[in-house]
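# Fold the following and give me the result.
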Amino acid sequence: MIKIDMNSPEFQEEMTKSIKFTDKVVKQFAWEYNPQEEINEGVQMGLARNKMMYSKRFCPCFMVEEVDGKFKSTDDRLCPCTPAIEKEIPEQGVCHCQIFCTPEFAAAKRIELGMEEAVHTHSRGLTKEECESLVNQSELDGDEIIALLEARELGMVNFKLVDVREHMEWQMGHIKGADALVPTSSFFQTLDEAKLDKNENIILYCHVGSRSAHCARILTDMEYTKIGNLTHGIVSYGGEKER
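As a prediction, the model looks like this:
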């Protein structure tokens, strides 16, 4: 696992360059940043990290592998990536990493965030039967994760909560109760260290849900049978976090 000190002058310098880079991309394509600033910061940090590690701003939501002595991103995701320009943003209004979006998407998201803030309440306690049903869902929201963690403390349900972000993101803050860190950039190397059973319930999360959804598909292909995903990532999680 490669660890980069996010407080180092080298990283801070690269972070400044990455912000200028994304500013330029937004202006070039007449896009907007996502109204959720945490999303943008997380992606910019990932771009800075990848630039330091691989000398290219590979999309931080996809794996990077070494092929024939050269680093290559899954689907050739080099920011701003072709799939985002040609398909994702024109069709969905937002790129896979969710940092870049159309003005229309940004406006709708601002309205949605305002409504969520007004109506958001803590999830109620669950029965054992509800716990078992909930933990087997493939997609979960923040309130559901809070409820499951509370239920796990009471011995009502068992599962593993796995963070697939990078080490420096984990240090900045992770969900209290997370059982393992398996970074997407070194996923296969660190998966064995997590000692996950293929038949136990495993819930993945990342920053906004993109990386964890990708890793969930990989684990499913590897015959892990009970994989869940925190749909909108840790930025949507209102429970307790720790550094």
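# which parts of the longest helix along the chain are buried?
Secondary structure of the chain per DSSP state H: the longest helix is helix 9-29. When neighbours are counted by 16 or more other C-beta atoms under 10 Å, the buried residues of helix 9-29 are found to be Phe11, Glu14, Met15, Ser18, Ile19, Phe21, Thr22, Val25, Val26. Using the backbone N, CA and C atoms, a C-beta is placed for each residue, glycine as well.
# Report the separation between the fifth one and Gln189.
Distance of Ile19 to Gln189, computed by C-beta to C-beta, to the nearest Å: 30 Å.
# same question, Ser133
According to C-beta to C-beta, Ser133 stands 34 Å off from Gln189.
# And for Gly173?
On the measure of C-beta to C-beta, Gly173 and Gln189 end up 24 Å apart.
# cool, and Lys56?
Distance from Lys56 to Gln189, by C-beta to C-beta: 20 Å.
# Comparing the two, which shows the higher neighbour count?
Just comparing Lys56 and Gln189: by other C-beta atoms under 10 Å the higher neighbour count belongs to Lys56, 14 against 11.
# The closest residue to Phe159 other than its chain neighbours and Val135: what is the separation?
In this structure, Phe159 finds its nearest non-sequential neighbour in Asn201, 3.7 Å apart by C-beta to C-beta, 6 or more residues apart in numbering. Look at Asn201 and Val135: by C-beta to C-beta, they are 5 Å apart.
# what about those two, which has more around it?
Comparing Asn201 with Val135 by neighbour count (other C-beta under 10 Å), the higher total belongs to Val135, at 23 against 19.
# what pLDDT does that one get?
At Val135, the predicted lDDT confidence score is 91.
# Past the lowest-mean-pLDDT helix or strand in the chain, which element shows up next along the chain?
Least confident element among the helices and strands of the chain, by mean pLDDT, DSSP states H and E: helix 103-119 (a mean of 71). Counting by DSSP states H and E, the next helix or strand C-terminal to helix 103-119 is helix 128-135.
# Mind giving me the packing neighbours of that following helix?
helix 142-153 (3 or more C-beta pairs under 8 Å, 6 or more residues apart in numbering; DSSP states H and E).
# Skip ahead from the helix it packs on and say which helix or strand is next.
Assigned by DSSP H and E, the successor of helix 142-153 is strand 160-163.
# now what about the helix or strand following that following strand, what contacts it?
Once the chain leaves strand 160-163, the next helix or strand it forms, by DSSP H and E, is helix 167-172. Contacts made with helix 167-172 from outside it, assessed by C-beta atoms under 8 Å, 6 or more residues apart in numbering, are listed as 1-6, 42, 45, 49, 163, 181, 183, 207, 243.
# Also stretch 91-109?
By C-beta under 8 Å, 6+ apart, stretch 91-109 touches 22, 25-26, 29-36, 39-40, 43-44, 46, 59-62, 77, 80-81, 83-84, 88-89, 208, 210.
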